[in-house]
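Peer 1: Return atomic coordinates for the entry below.
(chains A and B)
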Amino acid sequence: FYLTPPQVNSILKANEYSFKVPEFDGKNVSSVLGFDSNQLPANAPIEDRRSAATCLQTRGMLLGVFDGHAGCACAQAVSERLFYYIAVSLLPHETLLEIENAVESGRALLPILQWHKHPNDYFSKEASKLYFNSLRTYWQELIDLNSGETTDVREALINAFKRLDNDISLEAQVGDPNSFLNYLVLRVAFSGATACVAHVDGVDLHIANTGDSRAMLGVQEEDGSWSAVNLSYDHNAQNEHEVARVKMEHPKSEEKSLVKQDRLLGLLMPFRAFGDVKFKWSIELQKRVVESGPDQLNDNEYTKFIPPNYHTPPYLTAEPEVIHHKLRPQDKFLVLATDGLWETMHRQDVARIVGEYLTGVHHQQPIAVGGYKVTLGQMHGLLTERRARISSVFEDQNAATHLIRHAVGNNEFGTVDHERLSKMLSLPEELARMYRDDITIIVVQFNSHVI
Amino acid sequence: ARMFLRLLSDIQWRAANPKWRGMTSSRRSTSTTAEPHPVSLPAQAQVVICGGGITGTSVAYHLSKMGWKDIVLLEQGRLAAGTTRFCAGIVSTARPMSIELKMAHYSNKLYEQLEQETGVPTGYTKTGSISLAQTQDRLISLKRIASSLNVMGIPCEIITPKEAVQLHPLINIHDLVGAMYVPEDALVTSANVSLALATAASRNGVQIHERTSVSHVTVQKGRVTGVETDRGRIQCQYFVNCAGQWAYELGHSGEEPVHIPLHACEHFYLLTHPLTEPLSSSLPTVVDPDGRIYVRNWQGGILSGGFEKNPKPLFTEGRNQLEIQNLQEDWDHFGPLLSALLRRMPGLEALQIMQLVNCPESFTPDMRCIMGESPTARGYFVLAGMNSAGISYGGGAGKYLAEWMVNGYPSDNVWPLDLKRFGTLQSSRTFLRHRVMEVMPLMCDLKVPRWDFQTGRQLRTSPLYDRLDAQGARWMEKHGFERVKYFVPPGNDLLDLGHSKTFYKPDWFDIVGAEVKCCKEAVCVIDMSSFTKFEISSTGDQALESLQYLFSNDLDVPVGHVVHTGMLNEKGGYENDCSIARLSKRSFFMISPTDQQVHCWAWLKNRLPDDSNLTLEDVTWKYTALNLIGPRAVDVLSELSYAPMTAEHFPSLFCKEMSVGYANGIRVMSITHTGEPGFVLYIPIEYALHVYNEVMNMGQKYGIRNAGYYALRSLRIEKFFAFWGQDLDAFTTPMECGREFQVKLEKGMDFVGQEALLEQKQNGVYKRFTMFILEDHDTDMDLWPWWGEPIFRNGRYVGKTTSSAYSYTLERHVCLGFVHNFDEKTGEELVVTTDFINQGEYEIDIAGQRFQAKAKLYPFSSLFTQRRRKDEVELSGYQRE
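Peer 2: Coordinates of the predicted model:
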């Protein structure tokens, strides 16, 4: 059936969320004005996740998109836990001590993060205790280490990523007496997720990326036009550095089997990821865990299957590549998105569409000819210009929604075609995945007055 | 409060649109200052017409011409001041439907002489019109229209783009493949046409009162008794609702609502100043349906509007002052149409804009206007919902409605426009709002065979809907009911989102072929639950007596027999065609076509005696109907019921209540509506899923499969079965379609239409239903017939086809249609004899191309596998779609 424009809108807007940084004394002192985010599922259930939070014990804001594969368990766990690991990594020694003492004596904890929850975000209640214990072990180790140096954001990000992945792996090896939890930690470990996380603190923007999601900066040139600057590198077969890295980490004899059909070991698209222990553990460990695991795991062909040419694990790492960027006045916004967006749109188009959206959201006054002398040609020119400006901007209150509308509905002329949108959005579940991937987008708008 | 709002909004309505004053000259003052009403309203009248636009004045004009004098016309504002005044004034006869074409043709002739008749200048100018085709498919659709115009005697030709530019030098032809020129189309000043009609009516004695609004119509015992207005009450026998876009609201204002399903949409057109060299007033109107625009000359400049893809419906919640005030120029909305205009006529770039007019038009759920009498209130007539063709249709539609009121029936088949084709189910505002948003763009969209509406769907469904849908059913809709076209087999391409939009061989050809084959060789199930089903029963013989009078066949048959019979009017024409099963001595079960639900009910209600011992009940919703077609149907059913189902035990045209599976009380009838052996099961809906599952499980070993209406259609047409609403109408008698055997002229009592049939039996018929087998038609390469194709006998036009289908058995196309015998010199209709039919060479004209056809008055007996009951010869079937 044909979807009417309101039906299309209700699908597109179902998961949208906007956050505006609150102002103090009528002024926003943060370098971030706010963010718009949205996601459009293609998998059922969706395997993408997104998170946003403000650090409370240090400065800065964290935003991230997570693209799961082989299920959504890993992406879900990472979206719940990663920001805590990052926040803890950034905390000074005294604060860590304070927190540990509070836990020890049963006092109320200092809040570490203020989450900006999206409509469908949920936290796994059952696992919170387990997750908390792992996190606590981490900060206890940090306290013991006490390097005394001021924390470097880059290092904190790398440590947090690696530590979380390590914990995911350990929890799965140790298991849990509670059978539900036991199955959960195994599902988390055997599925995978990429992560692209931004940490914004004043003019310091850090992007930590693991996998093939992407961060892109929207820059307004002097003439008003828009251009895109990449703030992350995709970790996949298209990235020659990445291919070289993988080859270097393994003996020459494996060179041919490492990357096949643009996939790691011929199987995995991203070259870095959380979870995915099938690419990290030794064969013996995998066998042992699967055999002692619950029946669901044992019956699952996927988990039992050992990748071919699997000789020198690990083949996969969660270690992120971190890029630091000092924000300039012309840097207007940041787009974090899973590969579902980048497959369909070039970053230049993304920059232009978001840029024009953010600067032109104002409603236009209707035209009235009145007593003026206007020719058909003049009117036509005027209308064409107006249409180009408003077109679909008109319908969206959210930059991410607007971007999804274009990503899904753009025709060959680069304008949104309702018929196409309607067809793409009414595809049956089993077909949707063939035509598009899950799309998750966060658009962060920067505050030019501060930068 | 309602009246207050009505008055107030009327003032606002004109205050918000002050600019149209300059458009017409006949009425100088449109000020809203109240004038004293000079004449008080009469206390009573025979007819009260509400609405002083083109439809209201046309009805008044024609009624008064036909001799009715005691008529009052009420207009809430000024005459011809609503949509009529704002409309573009184009009289266009290029209409795809025969009845619409006739109305437009008549309007054109009427307006042409109106100035002379009344002395009111109407601005009538015969400019002609050019319809452009940007694609080959569009050209095909224009050629089809050209064929039907030509056989009506209306000049019309298909021309090349170069010829088009000679007729209208401004047209850019680079993207055109052809065009259609209708030289006699005209332009009028629409308000003045309406005023001229009013003037003539007034001279004939019609009283016209402006600034008088009708608040509601009073109905007693199912008859109109009067109207309440803001200036008092008028008693009347007839009320005519010509209130245009307010007709829906007015229909709902009384105690007993009259459902008139229409909804307004904003409609925009542009007026310009004159060109430097002003355009000639005789320049043809240009219609560019692919660009969605029309362009006419207007005072040396142009008037151009169109039907955009994204219409703006309004007044969904009724008349609303805010919306009226917001009826302003919306240039951004008009933008795409302006682009299309400048693309078609680039030379107009420098032309100066005068105004963008916003004029709401009312649209109906099926794009056809609404006329006729309310099924619930006798004497309550309606003419509204003109789908932006009020001027083109107004004259002819007014004539038909006047005939209807004066004579009891119009002079032509207006069923496609009859109010009774709708029921309450099309009356939801949400439905109407969604549907008109689809209808308005459709005005310009290409309409290929078997297109369906996409909005307002899944309203009425069978309980098996989800089951069938999951098995690949593709759906069409009739009277709100979802019906299966065919089943896409698993593994077929699900990605086909483009449907089968073609004038040629459609993509479902093989799918339907396989279903037909299964009907012939094994057994198929078709869900036919949409049928209208009535039960008529009485305590004594009242039911039988009434039915014997209302139906032409003899219904005094043994219990368990099924009778095919027509429900005829006084002229012997089919008002309905149905099967009636005698369930018991005193009760009957009647099956009619889906869209008969309202019409047949009203017809029976109005004619059955007012007797509390005689009950008529609509049981449509109570039964699911499964049609088991095919030679193995008998095996499936006997295994499921442990009852012998062979012809000796269960002869053809028989009905029996029995158990199927666990379910009891299933009405099994040995008819299939296709001429194939089989049964229809009428299943109480709670058992529907059970019986369906049992049938499908049991049927597996006999090769059972689901089938849809396209297969049914192919089967019935190859066997020459006519169906009501497509082949049969109120102007066709059983004699004319070879169904004399379904009429019992000597059944011992009079029945409706008997006299007319006796006369026909004596004097012969003037048209004859005939089957045509296309001879030199290439199914793969040639255009497919649809319906409405002209039939030629020895090179001369004799009639039109009414339906067609590909016969998978004959491997030929079969067309059904009526053959007339027009006198070569006078054009007078002569008697059609069997010899006349048989001694002719026939051709069918498909979009201008003629194909040889063989005419037959009887179907191929080889197609029937079934032994038939003696009194039912081969034409016994009837069919409905």
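Peer 1: Do I have it right that B:Phe720 meets B:Pro859?
Peer 2: Yes - in this structure B:Phe720 lies within contact range of B:Pro859 using CB atoms under 8 Å: 3.9 Å. Glycine gets a C-beta too; all of them are placed from N, C-alpha and C.
Peer 1: Give me the contact list for stretch B:786-793.
Peer 2: B:96-98, B:144, B:147-148, B:150-151, B:449, B:726, B:772, B:797-804, B:815, B:817, B:819, B:840-846, B:850, B:853 (CB atoms under 8 Å, 6 or more residues apart in numbering or on different chains).
Peer 1: Determine the three-state secondary structure at B:Ile391.
Peer 2: helix (DSSP: H, G, I helix; E, B strand; the rest coil).
Peer 1: In contact with it: list those residues for me.
Peer 2: B:Ile391 touches B:54, B:84, B:87-91, B:107, B:188, B:190, B:193, counting by CB under 8 Å, 6+ apart.
Peer 1: Point me to the residue of the stretch 701-850 of chain B nearest chain A.
Peer 2: The stretch 701-850 of chain B approaches chain A most closely through B:Gly708 (17.9 Å), counting by CB to the nearest CB.
Peer 1: Domains of chain B: list them as residue ranges, please.
Peer 2: B:44-363, B:765-880 (the TED database).
Peer 1: just how off-centre is the shortest one within its chain?
Peer 2: Just to be clear, that refers to domain B:765-880. 23 Å (CA atoms, centre = their mean, to the nearest Å).
Peer 1: Low-confidence ranges, the stretch 51-200 of chain A, go.
Peer 2: Scanning the stretch 51-200 of chain A for pLDDT under 70 picks out A:147-148, A:150.
Peer 1: Can I get the host helix or strand of B:Tyr248 as CSV, trimmed to CA atoms?
Peer 2: If you go by DSSP states H and E, B:Tyr248 is part of helix B:247-251. C-alpha atoms of helix B:247-251 as CSV (Å, rounded to 0.1, in the frame of the first residue of the first chain):
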residue,chain,number,x,y,z
ALA,B,247,-24.2,19.0,-0.1
TYR,B,248,-22.6,16.5,2.4
GLU,B,249,-23.4,18.7,5.4
LEU,B,250,-26.8,19.6,4.2
GLY,B,251,-27.5,15.9,3.7
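Peer 1: For that helix, give the mean pLDDT please.
Peer 2: Averaging pLDDT along helix B:247-251 gives 95.
Peer 1: Give the other helices and strands that that helix contacts.
Peer 2: Applying 3 or more CB pairs under 8 Å, 6 or more residues apart in numbering or on different chains; DSSP states H and E, one finds that helix B:247-251 makes contact with strand B:214-220, strand B:232-241, strand B:380-384.
Peer 1: and of those strands, who's closest to B:Ile173?
Peer 2: Across the helices and strands packed on helix B:247-251, B:Ile173 has its closest neighbour in strand B:380-384 (38.6 Å, CB to CB).
Peer 1: hmm, who's touching the closest one?
Peer 2: Residues contacting strand B:380-384 (CB under 8 Å, 6+ apart): B:51, B:55-56, B:59, B:217, B:219, B:224, B:238-244, B:247, B:251, B:258, B:260, B:262, B:362, B:369-374, B:397-398, B:401, B:404-405, B:419.
Peer 1: Among the residues you listed, which are located in helices?
Peer 2: B:55-56, B:59, B:247, B:251, B:397-398, B:401, B:404-405 (DSSP state H).
Peer 1: ok now do the closest residue to chain A within the stretch 151-300 of chain B, which residues does it touch?
Peer 2: Here the stretch 151-300 of chain B gets closest to chain A at one residue, B:Thr272, 7.0 Å apart by CB to the nearest CB. Contact analysis of B:Thr272 by CB under 8 Å, 6+ apart lists A:376, B:298, B:301-303, B:348, B:351-354.
Peer 1: Which one (most neighbours) among those residues?
Peer 2: For the contacts of B:Thr272, the largest number of neighbours (other CB atoms under 10 Å in any protein chain shown) sits with B:Ile302, at 26 neighbours.
Peer 1: what about stretch A:8-18, near chain B?
Peer 2: No - with CB under 8 Å from any CB of the partner chain as the criterion, chain B is not reached by stretch A:8-18; the gap is at least 12.4 Å.
Peer 1: Looking at that stretch now, give me its mean pLDDT.
Peer 2: Rounded mean pLDDT across stretch A:8-18 is 89.
Peer 1: Just the terminal-to-terminal distance for that stretch.
Peer 2: With CA to CA, to the nearest Å as the measure, the ends of stretch A:8-18 fall 19 Å from one another.
Peer 1: got the buried residues for that stretch?
Peer 2: Across stretch A:8-18, burial judged by 16 or more other CB atoms under 10 Å in any protein chain shown covers A:8-9, A:11-13, A:15-18.
Peer 1: Also stretch A:336-356?
Peer 2: So stretch A:336-356, judged by 16+ other CB under 10 Å, has buried residues A:336-342, A:344-345, A:347, A:349-356.
Peer 1: what do you get for stretch B:177-184?
Peer 2: Those would be B:177-182, B:184, for stretch B:177-184 by 16+ other CB under 10 Å.
Peer 1: Now B:Gly318: closest residue in space, sequence neighbours ignored.
Peer 2: Leaving aside its sequence neighbours, B:Gly318 sits nearest to B:Glu249 (CB to CB, 6 or more residues apart in numbering or on different chains; 5.2 Å).
Peer 1: check contacts around the one you found.
Peer 2: B:243, B:318-319.
Peer 1: residues from chain B in reach of chain A?
Peer 2: Going by CB under 8 Å from any CB, the residues of chain B near chain A are B:270, B:272, B:310, B:328-332, B:334-335, B:338-339, B:341-342, B:348-353, B:355-356, B:434, B:437, B:454-455, B:457, B:494-495, B:497.
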